[in-house]
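# coordinates only, sequence not included:
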Ligand code: FAD
């Protein structure tokens, strides 16, 4: 394919710095937007004109300056595991694949400084080898990059203890602006808010420093309950119990556990399940708390087996939707924040209104210091109209919905858009960074 700028780009970055074949353009222009039938219809045919693959920060700056001169849109890509079409180039142009910026620069006491293309799974492994571990990471950690998580994610495993990305879980970032001579910014503190979950619209992140926690040993266990409300309440009690270290508390309504094919044979049919990562040595205490809500501990994976086989986190957060989709391809999902005070009532109202059309699972987490039952409810999809009827019902009973069926940051519930819009005008005056993802 001739894009007019092929030769100049090859002169800048060499043969392996530019991919123009249709397979690469197709593959590297997509993320996991297909979880949403709404997004799938609108995004499936979008593709970049070329994929630029810089090998270091210097080449990132060269590529950005080149794109500015030619006024070519640039959409950054980490591993492409986002769910909202964040990494899809709506207006063609360049996809800037940063997966080769994969150097772990430094692991210090309580922090790691890394290239944005480092995979979270790789960093977790290296950190654990030196007695530390990540504080938070998404359930896609094996593939997802640190830069992609900071720019497109929110929270995940560990968020029950450490909160989400905005809770001090990014310490510093190196950002390049989209200008004739891209500026290299080193951003810290509250200034990071203009770059966290920004879809790469306000700058291109090349290096990130994240805090690390001391390494703990994690037992994985499943508690089972006759009813989902019992499972959810147990989750709350465990979340509040400060004697138990934890990374994950995920209550799941039946029949969702029946979708977890690798674990079905060790699960009680018909029971709600709570998937947990708890500090080694606390199982007895956790069993006692479960007992208070009529629960019992079922399958346990000993701490010595951590990461040696498929783990329970592979069934939580948006991986729950993935397992459901394997059984029923018509399924989709929402993202919701239930009320910490009224969630039992909200569960009852949703079940009463929608029955099995909406299946619930929670991820207990802390956001801004507040304990919240966040949720990615599974929806049996009928139509876009019906989907938004469900959204309106959720909102009418005080459940906050962060719409995952839009690629526009402003519509997805991201806070402080005005600050990001100002930063975009400053750092990307021609509006070339991931155009269409933020309203300017
Ligand atoms: P990408 O998808 O490549 O990029 C994400 C966004 O950031 C895009 O807009 C991209 O343009 C931009 N971007 C990427 N790198 C940079 C950079 N260096 N500079 C500037 N912009 C950049 N998310 C969670 O938060 N928690 C979860 O638990 C979770 N679970 C998931 C489960 C499943 C099954 C799936 C499919 C997705 C899940 N996600 C989750 C979403 C996603 O996997 C994560 O947010 C992941 O961290 C994204 O990383 P990535 O490298 O794939 O980013």
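That came through, no problem. None of the values given here were measured: they were computed from a predicted structure.

# how far away is residue 312 from the ligand?
13 Å (CB to the nearest ligand atom, to the nearest Å). Where you see a C-beta, it was placed from the backbone N, CA and C, and this is true even at glycine.

# so what's that residue up against?
220, 222, 248, 250, 275-277, 301 (CB atoms under 8 Å, 6 or more residues apart in numbering).

# just how off-centre is stretch 44-62 within its chain?
Mean-position distance between stretch 44-62 and its chain equals 22 Å (CA atoms, centre = their mean, to the nearest Å).

# And stretch 49-65, by the same measure?
The answer for stretch 49-65 is 25 Å, by CA atoms, centre = their mean.

# before we move on, what about stretch 224-242?
24 Å.

# Return the set of buried residues in it.
By neighbour count on 16 or more other CB atoms under 10 Å, the buried set for stretch 224-242 is 224-225, 227-236, 238-239.

# Show me those residues that map onto helices.
Within these, residues falling in helices by DSSP state H are 228-236, 238-239.

# What separates the first and last residues of stretch 43-54, distance-wise?
Start-to-end span of stretch 43-54 (CA to CA, to the nearest Å) is 26 Å.

# Ok, stretch 275-293 next?
For stretch 275-293, the end-to-end distance is 15 Å (CA to CA).

# same deal with stretch 80-88?
With CA to CA as the measure, what separates the two termini of stretch 80-88 is 9 Å.

# Stretch 46-66 and the ligand, are they touching?
No: using CB under 6 Å from any ligand atom, stretch 46-66 never reaches the ligand; the gap is at least 8.9 Å.

# swap in stretch 136-151?
Yes: judged by CB under 6 Å from any ligand atom, stretch 136-151 and the ligand are in contact via 138-140, 144-145, 147-149, 151.

# What residues sit buried inside that stretch?
Within stretch 136-151, the residues scored as buried using 16+ other CB under 10 Å are 136-141, 144-151.

# now stretch 17-35
17-20, 24-25, 28-35.

# and the ligand, which of the residues you listed reach it?
Okay, of these touching the ligand (CB under 6 Å from any ligand atom), that's 31-32.

# Distance to residue 163, pLDDT and secondary structure for the buried residues of stretch 17-35 - can I get that in TSV?
Converted to TSV, the buried residues of stretch 17-35 look like this (distance: CB to CB, whole Å; pLDDT from 0 to 100; DSSP: H, G, I helix; E, B strand; the rest coil):
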residue	distance to residue 163	pLDDT	secondary structure
17	38	94	helix
18	40	95	strand
19	38	96	strand
20	42	94	coil
24	37	97	helix
25	38	97	helix
28	32	98	coil
29	33	98	coil
30	30	97	coil
31	25	98	coil
32	24	97	coil
33	27	97	helix
34	30	96	helix
35	25	96	helix
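
# Name the residues that touch stretch 55-72?
In contact with stretch 55-72 (CB under 8 Å, 6+ apart) are residues 5, 8-9, 12-13, 17, 49, 52, 54, 73-74, 93-94, 96, 98, 100-101, 174, 176-182, 184, 204, 206-207, 430, 432.

# related to what we said a few turns ago, may I see the contacts of residue 312 arranged in a markdown table, with neighbour count, secondary structure and pLDDT as well?
Formatted as a markdown table, those follow (neighbours: other CB atoms under 10 Å; DSSP: H, G, I helix; E, B strand; the rest coil; pLDDT from 0 to 100):
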| residue | neighbour count | secondary structure | pLDDT |
| --- | --- | --- | --- |
| 220 | 20 | strand | 98 |
| 222 | 25 | strand | 98 |
| 248 | 26 | strand | 98 |
| 250 | 27 | strand | 98 |
| 275 | 27 | strand | 98 |
| 276 | 32 | strand | 98 |
| 277 | 25 | strand | 98 |
| 301 | 18 | strand | 98 |
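
# which one among these gets closest to residue 268?
Using CB to CB, residue 222 comes nearest to residue 268 of the contacts of residue 312, at 9.2 Å.

# who's in contact with the closest residue to residue 240 other than its chain neighbours?
Among residues not flanking residue 240 along the chain, residue 371 sits closest, at 6.9 Å (CB to CB, 6 or more residues apart in numbering). By CB under 8 Å, 6+ apart, residue 371 lies in contact with 236, 239-240, 340, 364-365.

# Then residue 140?
79, 81, 318-319.

# So which of the residues of stretch 136-151 next to the ligand are in helices?
Counting by DSSP H, the residues of stretch 136-151 next to the ligand place 147-149, 151 in helices.
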